[in-house]
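Participant: Sequence and predicted structure are below.
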Amino acid sequence: MNALVAFGAALLALRLAGLLARRWRVTRRPELAAWAWALAAYAIAAAAIAWGEAAQWDDRAFRVYYASGALLTAPLLGVGSLLLAGVRRAATVGLLYTGLAIGIAVALPVHGAFAPHGLPPAQDHLAFVPGRSLAIVANSLGTLAVVGVALRSLRRRPLGNTLIVLGVAAAAVGSGIAGLGAGGAAVGVAVGAVLLYAGFTARPARPRSP
């Protein structure tokens, strides 16, 4: 069941990423491209959960899950928020970081035996440096950028920014509560992707008439 739930979450997140990419092709707004890649990373993370639950977890499924879910999603969301705020250098920094994160995920040593089911705890399979420490720093900075930009423009986009913050929180809750397991993490991805997409595409509030 967990594999099916995760597979459904992957399809949903991938579909929403495609819709954002379509909007980017029409408008060429750079934040839409970053957000589309962030939702694509969400989709890959959910697909890795489905892979691990269906075929039993190993270092391959874990690497894909960790790279997309732990190293890429929140930082790319943060890049999109910074681009929305007009910080153009964020695109270059985000591109360089993505290459670094993927390289580290591929090269870092993974140790320990994997349980057949359930999300593998990172501390059981990765050394703190560089994999876990990079994830902590990158996720903290990405989340800070998302929340900071959302609060800064809350009056202009109250609904959209509220949904974005709720989307980040939903995914964090799904993966952060161990008792929810792989199925809970997949549901968190699905709910988070929907809330984020709704927040990204929400229209700004109309200015009040004097």
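Facilitator: Happy to help now that I have it.
Participant: low pLDDT regions in the chain?
Facilitator: 174-180, 205-210 (pLDDT under 70).
Participant: The most centrally placed residue in the chain sits in which helix or strand?
Facilitator: In the chain, the residue lying closest to the centroid (CA atoms, centre = their mean) is Thr73, at 2.7 Å. Take DSSP states H and E as the rule and Thr73 turns out to sit in helix 73-84.
Participant: which residues are in contact with that helix?
Facilitator: 30-35, 37-38, 41-42, 45, 90-91, 93-94, 97-98, 101, 138-139, 141-146, 148-150, 153, 164, 168, 171, 196, 200 (CB atoms under 8 Å, 6 or more residues apart in numbering). In short, each C-beta sits where N, CA and C put it, glycine included.
Participant: I'd like to know which elements the helix or strand following that helix is packed against.
Facilitator: Downstream of helix 73-84, the next assigned helix or strand under DSSP H and E is helix 89-107. On a contact count with 3 or more CB pairs under 8 Å, 6 or more residues apart in numbering; DSSP states H and E, helix 89-107 meets helix 30-55, helix 73-84, helix 133-152.
Participant: So what angle separates the directions of helix 89-107 and helix 73-84?
Facilitator: Angle of helix 89-107 versus helix 73-84, following axes from the mean of the first three to the mean of the last three CA atoms, to 10 degrees, is 170 degrees.
Participant: Would you mind listing the buried residues in helix 89-107?
Facilitator: 90-91, 94, 97-98, 101, 104-105 (16 or more other CB atoms under 10 Å).
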